[in-house]
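missing the sequence, but the structure's below:
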Ligand code: WTA
């Protein structure tokens, strides 16, 4: 299944387009199934209705754990690196991980969880997070992992949207020098979550927490009551594996649904190929399991391939900006997969943190989450890869389940800031506003995918119509990504960023509408408009234009109040970087905010604002521009 030459890539790609069922049927043979499929693929993009490996039965944890026991039971599956480098790291071999997953799966059962139930996971980046995820999959429960930076209200919304029955959390989390009171946040969330019956709490930071009788139980106590034998639940290839909430341009975050068979095949295939993973190598993905990158490329992809996956609790700059390099040296990391925002942040500290660090183990580098600028690409290449490690700039999304457009390490010639070429099985096309395909090279357009792939989303939880409207209705018969893209003279793809109202702040997806709703919940605020602007480290920053005539005290304090409100409603990750109080917003006569103008103003480019003649009150534009001058 591993591609070893560019010629083979071309052949596989050709085959995957000409005969996709045969291609994916062969790839799927590399996985372990309880029962084979009777049909590889049936699909239409109208409803949409997509089924891969129909009729097949499996359990993804047998592929990630059981099947490795004989050959590599004693090989490390997970190496955990704690937030505090003074603490010991923890290695779990495949045998140990298997045991713990089975044991915790029995804990879930003991607490009433069964196949099909939804389970919310809100945990720090500790091995137990991976164990919790896999234990859900073991018993056929559907996990919904929520990133530790989201607020109680965001958690409650997500729990209620999918009616979770069980919550798995910890007393708290460490993040650099900070401590986050996870259980407190969960307690606040659960006030409004009637479906939750049990909450399993891991001891990690051991801060005092409230434990409600009948609902809350300690992880450490529970595991003593069960044994470590747990036969995996037999799942249909199209049974739900997990839900992961992600932001779109409108409304509340959507619960993207992935299913067992296709997701497994796609995560495993792309992991093995894109990173050119070799047996025994140490692979380190710096993402959080709260995001799709952690699901596919810390847990399921690497483990399905018997890899050794490093799980890091902390942040790149704690206790010093050498932390990543210390980890690379300590664990002899061969592949480092991280985000441009981390690269840019570390770059800003210069060469000093790299001095005397042995990075010679590095063989492959990866980037994900946002466009990587050329300067960051070259720094990564020269300073970290020493010009010898291929960089795979991997473009994909929560909805795609796995990497879509990317170089294949050691196979595809790379080009700075280009995601290069589609992986086998992926058929991207560029379209114009009217949905007309833009053919040929040296062109730009909106990126769509015209044929299904096994890892694609199947629906959005509880609202199939929303899935159809969001992804399959903009252009008939195409999956629309929301990204703009250019294809250069060599046919190489470069993702230029979102073309909808979704921001990408430090690689985190945030909808402008969500942030506006949160700001508007603040007392005194009448209306707001949020746009992105270029930010040196974060990629994009959040700029909020706010009408707030009822200022309570000083403007600066009111801004802080608003930030606090956003933190309460969504979480600290959605806090605007800049707030500008204005008396009005540029609106058309029909009442639509002209974001184009606000974007230009936020970028600081007011020389050419385009046609403003359709504005209800053109004078407001000058007023806003004047106000920006006073803002740092
Ligand atoms: C952006 C993250 C440029 C893109 C895996 C996409 C990228 C969104 C890249 C999905 C890349 C991701 N180059 N842009 N290599 N990778 N993006 O769902 O805008 O958190 O639509 O999935 O991130 O973000 P998500």
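Structure's in. What do you need? On a predicted model such as this, the values are computed, not experimentally measured, just so you know.

helices of the stretch 351-500 of the chain, start to end?
374-379, 464-467 (DSSP state H, counting those that start in this stretch).

I meant the stretch 101-250 of the chain, not that one.
Using DSSP H, counting those that start in this stretch, helices in the stretch 101-250 of the chain cover 127-139, 152-161, 182-190, 219-222.

returning to that earlier point: including distance to residue 86, could the helices of the stretch 351-500 of the chain go into CSV?
Where you see a C-beta, it was placed from the backbone N, CA and C, and this is true even at glycine. Converted to CSV, those look like this (distance: least, C-beta to C-beta, whole Å):
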stretch, distance to residue 86
helix 374-379, 29
helix 464-467, 47
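
please identify which of these is closest to the ligand.
helix 374-379 (10.9 Å; C-beta to the nearest ligand atom).

got the buried residues for the closest one?
By neighbour count with 16 or more other C-beta atoms under 10 Å, helix 374-379 contains the buried residues 376-377, 379.

which outside residues touch that helix?
Helix 374-379 is contacted by residues 340, 343-344, 347, 367, 391, 393, 416-417 when judged by C-beta atoms under 8 Å, 6 or more residues apart in numbering.

so where's the stretch 151-300 of the chain uncertain?
In the prediction, the stretch 151-300 of the chain carries no residues with pLDDT under 70.

up against the ligand, what does it have?
When proximity is defined as C-beta under 6 Å from any ligand atom, the stretch 151-300 of the chain approaches the ligand at 246, 291-293.

ranking the helices of the stretch 101-250 of the chain by mean neighbour count, which comes first?
Mean neighbours per residue, mean count of other C-beta atoms under 10 Å, is largest over the helices of the stretch 101-250 of the chain for helix 127-139, with a mean of 26.

other SSEs contacting that helix?
Judged by 3 or more C-beta pairs under 8 Å, 6 or more residues apart in numbering; DSSP states H and E, helix 127-139 is in contact with helix 60-64, strand 76-81, helix 94-110, strand 118-122, strand 142-145, strand 240-246, strand 308-312.

name the residues of the third one that are buried.
To tie it back to what came earlier, the one meant is helix 94-110. Across helix 94-110, burial judged by 16+ other C-beta under 10 Å covers 94-109.

need the contact partners of the worst-scoring helix or strand of the chain on mean pLDDT.
The helix or strand of the chain with the poorest confidence is helix 619-630; it has a mean of 91 (mean pLDDT, DSSP states H and E). Residues external to helix 619-630 that are found in contact with it (C-beta under 8 Å, 6+ apart): 545, 580-586, 597-598, 601, 604, 606, 609, 612, 615.

could you do stretch 419-426 as well?
Stretch 419-426 is touched from outside by 3, 9, 12-13, 15-16, 20, 23-24, 270, 273-274, 393-395, 403-408, 412-414, 428, 449, 453-454, 491-495, with contacts defined as C-beta under 8 Å, 6+ apart.

can you tell me if it touches the ligand.
Yes. Using C-beta under 6 Å from any ligand atom, stretch 419-426 reaches the ligand at residue 419.

in contact with residue 542, which residues?
Residue 542 is in contact with 503, 505, 510, 515, 530, 532, 574-578, counting by C-beta under 8 Å, 6+ apart.

contact residues of this protein facing the ligand?
246, 291-293, 368-371, 393-398, 419, 481-483, 495, 497-498, 504, 509.

buried subset of those, written for PyMOL?
To isolate the buried members of those in PyMOL, using 16+ other C-beta under 10 Å:
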select buried, resi 246+291+292+293+368+369+370+371+393+394+395+396+397+398+419+481+482+483+495+497+498+504+509
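
residues contacting the residue of the stretch 401-550 of the chain found nearest the ligand?
In the stretch 401-550 of the chain, the residue found nearest to the ligand is residue 495; the distance is 3.6 Å by C-beta to the nearest ligand atom. When contacts are counted by C-beta under 8 Å, 6+ apart, residue 495 touches 371, 395, 405, 419, 447, 483-485.

need those in CSV (columns: pLDDT).
Shown next, in CSV, are the contacts of residue 495 (pLDDT from 0 to 100):
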residue, pLDDT
371, 94
395, 98
405, 98
419, 98
447, 98
483, 97
484, 97
485, 98
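
return the subset of these lying in strands.
Under the assignment DSSP state E, those contribute 447, 483-485 to strands.

could you identify the most distant pair in those?
Largest separation among those by C-beta to C-beta: 447 and 484, giving 6.9 Å.

of the contacts of helix 619-630, select the buried ones using a PyMOL command.
Burial among those is assessed by 16+ other C-beta under 10 Å; the matching PyMOL selection reads:
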select buried, resi 545+580+581+582+584+585+586+597+598+601+609+615
